[in-house]
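K.L.:
Could you look at this predicted model? Sequence included:
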Amino acid sequence: MRDYKALLEAGFYAQIEKLQENDHKGDWDSTDIGNVVSLLRDEVEELTQAVADKSYRDARREAADVANFAHMIIFVCNKHPREKS
């Protein structure tokens, strides 16, 4: 059986660490979704490089960044009315 709680808890702590490191940066409340997607692509490249370098420490940090940017996209989308399929 999949342990969703353990999975999300591990990600949560890594994400909080990265958000706190970047606390000096602006808020994402009014961020343009296109800009966030571009930043997400950059983070995926950094994650890919960390994995290629076999650096679990860096891969964990970059994966947290990827997750944070993905959550920012969800945050922005939730602020807008849902479109019809």
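P.N.:
Structure's in. What do you need? Given the structure is predicted, the values throughout are model-derived calculations rather than measurements.
K.L.:
State the separation between stretch 24-41 and the centre of the chain it belongs to.
P.N.:
Distance, stretch centre to chain centre, for stretch 24-41: 11 Å (CA atoms, centre = their mean, to the nearest Å).
K.L.:
same check, this time on stretch 61-79
P.N.:
The chain centre lies 4 Å from the centre of stretch 61-79; the measure is CA atoms, centre = their mean.
K.L.:
Pull out the buried residues from the host helix or strand of E46.
P.N.:
Using DSSP states H and E, E46 sits within helix 33-52. Going by neighbour count (16 or more other CB atoms under 10 Å), the buried part of helix 33-52 is V36, L39, L40, E43, V44, E46, L47, A50. Quick note: C-beta positions are derived from backbone N, CA and C, even for glycine.
K.L.:
which of the residues you listed lies closest to D65?
P.N.:
Nearest to D65 among those is E43, at 4.4 Å by CB to CB.
K.L.:
residues near M1, how many?
P.N.:
Neighbours of M1 under the rule other CB atoms under 10 Å: 3.
K.L.:
and if you look at Y56?
P.N.:
Residues near Y56, counting by other CB under 10 Å: 10.
K.L.:
if I look at it, how far off is V36?
P.N.:
Distance of Y56 to V36, given as CB to CB, to the nearest Å: 26 Å.
K.L.:
from the middle of its chain, how far away would the helix holding E46 be?
P.N.:
Its chain's C-alpha centre and that of helix 33-52 lie 9 Å apart, by CA atoms, centre = their mean.
K.L.:
and the top helix by length along the chain, what does it pack onto?
P.N.:
Using DSSP state H to define each element, the chain has its longest helix at helix 56-78. Here helix 56-78 touches helix 4-21, helix 33-52, going by 3 or more CB pairs under 8 Å, 6 or more residues apart in numbering; DSSP states H and E.
K.L.:
How many neighbouring residues does Q20 have?
P.N.:
Neighbours around Q20, by other CB under 10 Å: 8.
K.L.:
circling back: pLDDT of the longest helix of the chain, averaged?
P.N.:
Mean per-residue pLDDT for helix 56-78: 95.
K.L.:
what's the spacing between the closest residue to C77 other than its chain neighbours and M72?
P.N.:
The shortest distance from C77 to any non-neighbouring residue, by CB to CB, 6 or more residues apart in numbering, is to I33 (7.4 Å). Going from I33 to M72 by CB to CB gives 9 Å.
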